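Colleague: only geometry, no sequence info:
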C-alpha cells in the first residue's frame, strides 16, 4: 500500500535526515581512496549536510599514519562532523586495530564473534572484570 503522508503517524524519528554515499571502489572489490581525504572524500558529504560519516575500511597498520592524520584533520576543523571508523578488519589477534581507527578525533567501532574467553585472552582483561553486567 501507499506510505502515510508527511506529518502523519509514521514519519519516523529523523524526519529531516539526509544521507550521502561514497563509492570508493571501481570494481566492487578494490578500494580506491583519494590521496587527500580532506579534499577528495569528506567535503562533499559535509556540504550535502551530512554530519555523521561512516567508513568500514581500514588496514592492518596499527600505527598512527597519514590516513589517520587526515581523518583527525577534518574532524578537528569540522567539530560538528563525526567520523565513525571500523576498528579493524584483520582480527582477532593482538594489534589488529589499524588505521584509520588509530586516529584521535574519530569513533572506532568494532565487534567480536568470539567467546568471552577469547576476549579476555586478546585484551588481557583480568578474570575479575564482569563483562556480562
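Modeller: The structure has been received and is ready for your questions. On a predicted model such as this, the values are computed, not experimentally measured, just so you know. Numbers count the residues shown, from 1 in each chain.

Colleague: for the chain, what spans make up the strands?
Modeller: Ranges of strands within the chain are 52-55, 82-86, 107-109, based on DSSP state E.

Colleague: contacts only, for the residue minimising distance to the centre of the chain.
Modeller: Centroid-nearest residue in the chain: residue 85, 2.0 Å away (criterion: CA atoms, centre = their mean). For residue 85, the contact set (CB atoms under 8 Å, 6 or more residues apart in numbering) comprises 54-55, 58, 71, 100-101, 103, 106-109. Every C-beta, even on glycine, is put in place using the N, C-alpha and C of the backbone.

Colleague: would you mind finding the longest helix in this protein?
Modeller: Assignment by DSSP state H gives helix 66-77 as the longest helix of the chain.

Colleague: output the contacting helices and strands for that one.
Modeller: Taking 3 or more CB pairs under 8 Å, 6 or more residues apart in numbering; DSSP states H and E as contact, the helices and strands that helix 66-77 lies on are helix 37-40, strand 82-86.
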